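Undergrad: I'll drop the sequence and a predicted model, then ask my questions.
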Amino acid sequence: MIDSRSARFLEAPDYAEAIEGWRVWRVVCSDDRYSLGSVVKPTLWPPGEPLQADCLRTPPLLGWLLRRPPHPAPETHCECGIYAAELDYVGQYLADVPAQPAVARVLGQVSLWGDVVECERGFRASRAYPLRIYVPVDAAVEDDRYPEELAECLSAYRVPIELLPARCADAAWVLGRRQLV
């Protein structure tokens with residue numbers, strides 16, 4: 001008889017290779033260093049190393065009564081993990097000012113691997129790293145930086161960075177048209 005702890009190791013993985021998706025990042029300046037950050041959570045992506053997901057779910061008001069044990073991210077019955085989606089879905093995050101403080105907004109392709117959960121609009125994974133970054137012409141939110149300067153600031157990620165001749169609101173549409181050609 002197989003117990004529930006052993007059963008997980010007998011399951012075949014859903015995906016044998018990394019999954020590529022799209023996401024939007026906010027660009028954050030801290031200690032004169034620029035980093036990619038989540039648009040929704042206060043998570044920063046370290047340059048040169050994969051981002052490891054943690055469950056950042058805020059417990060409910062009475063969370064101490066309903067406390068769930070910590071779990072690895074992503075968990076099927078939670079919303080945790082590193083998100084990526086189809087290009088059509090990420091445009092809304094680029095058009096709006098990020099919920100967290102930022103000097104700019106950029107979008108790009110990301111590689112997801114480890115534990116991966118398919119969700120309504122894309123995927124959530126345990127690990128991720130940018131594959132390519134696109135800097136729209138009006139990417140700056142709080143800073144008067146030019147797109148070329150932002151691209152240079154993000155070079156620590158050592159991935160291709162492309163200046164995109166489109167406004168943030170139109171960037172996903174412009175990139176989508178490129179894919180059709």
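TA: That came through, no problem.

Undergrad: where along this structure do the strands fall?
TA: With DSSP state E, the ranges of strands along the chain come out as 19-30, 33-38, 44-45, 51-52, 82-85, 104-119, 122-136, 161-164.

Undergrad: what stretches of the protein score poorly on pLDDT?
TA: Filtered on pLDDT under 70, the chain yields the residue ranges 1-16, 57-69, 97-99, 141-145, 181.

Undergrad: looking at the strands of the chain, which is buried most?
TA: strand 82-85 (a mean of 25; mean count of other C-beta atoms under 10 Å). Heads up, the C-betas are built off the backbone N, CA and C, glycines and all.

Undergrad: before we move on, the earlier item: mind putting the strands of the chain into CSV with distance to Arg177?
TA: Shown next, in CSV, are those (distance: least, C-beta to C-beta, whole Å):
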stretch, distance to Arg177
strand 19-30, 14
strand 33-38, 25
strand 44-45, 27
strand 51-52, 29
strand 82-85, 18
strand 104-119, 15
strand 122-136, 13
strand 161-164, 12
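
Undergrad: Surely Asp88 and Trp173 touch.
TA: No: applying C-beta atoms under 8 Å, one finds Asp88 not in contact with Trp173, separated by 9.0 Å.

Undergrad: For the longest helix seen in the chain, buried residues please.
TA: Determined from DSSP state H, the single longest helix within the chain is helix 168-180. Buried positions in helix 168-180, judged by neighbour count with 16 or more other C-beta atoms under 10 Å: 168, 170-172, 175.

Undergrad: which residues are contacting it?
TA: 22, 87-88, 90-91, 94-95, 105, 107, 134, 136, 138-139, 164-166 (C-beta atoms under 8 Å, 6 or more residues apart in numbering).

Undergrad: tilt between that helix and strand 122-136?
TA: Helix 168-180 and strand 122-136 are oriented at 110 degrees to each other (axes from the mean of the first three to the mean of the last three C-alpha atoms, to 10 degrees).

Undergrad: Please state the offset of helix 168-180 from the chain centre?
TA: 18 Å (C-alpha atoms, centre = their mean, to the nearest Å).

Undergrad: quick one, that helix and strand 19-30 angle?
TA: Angle, helix 168-180 to strand 19-30, by the same axes, to 10 degrees: 150 degrees.

Undergrad: Alpha carbons only: can I get stretch 163-181 in CSV?
TA: Provided in CSV are the C-alpha atoms of stretch 163-181 (Å, rounded to 0.1, in the frame of the first residue of the first chain):
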residue,chain,number,x,y,z
LEU,A,163,13.8,48.9,-26.6
LEU,A,164,10.2,48.7,-27.8
PRO,A,165,8.9,51.6,-30.0
ALA,A,166,5.5,51.5,-28.4
ARG,A,167,3.8,53.0,-25.3
CYS,A,168,3.1,50.7,-22.3
ALA,A,169,-0.6,50.7,-23.1
ASP,A,170,0.1,49.3,-26.6
ALA,A,171,3.2,47.2,-25.9
ALA,A,172,1.5,43.8,-25.6
TRP,A,173,-0.5,44.5,-28.8
VAL,A,174,2.7,45.5,-30.7
LEU,A,175,4.5,42.4,-29.6
GLY,A,176,1.5,40.2,-30.4
ARG,A,177,1.5,41.6,-34.0
ARG,A,178,5.2,40.8,-34.3
GLN,A,179,4.5,37.1,-33.4
LEU,A,180,1.9,36.9,-36.2
VAL,A,181,4.4,38.0,-38.9
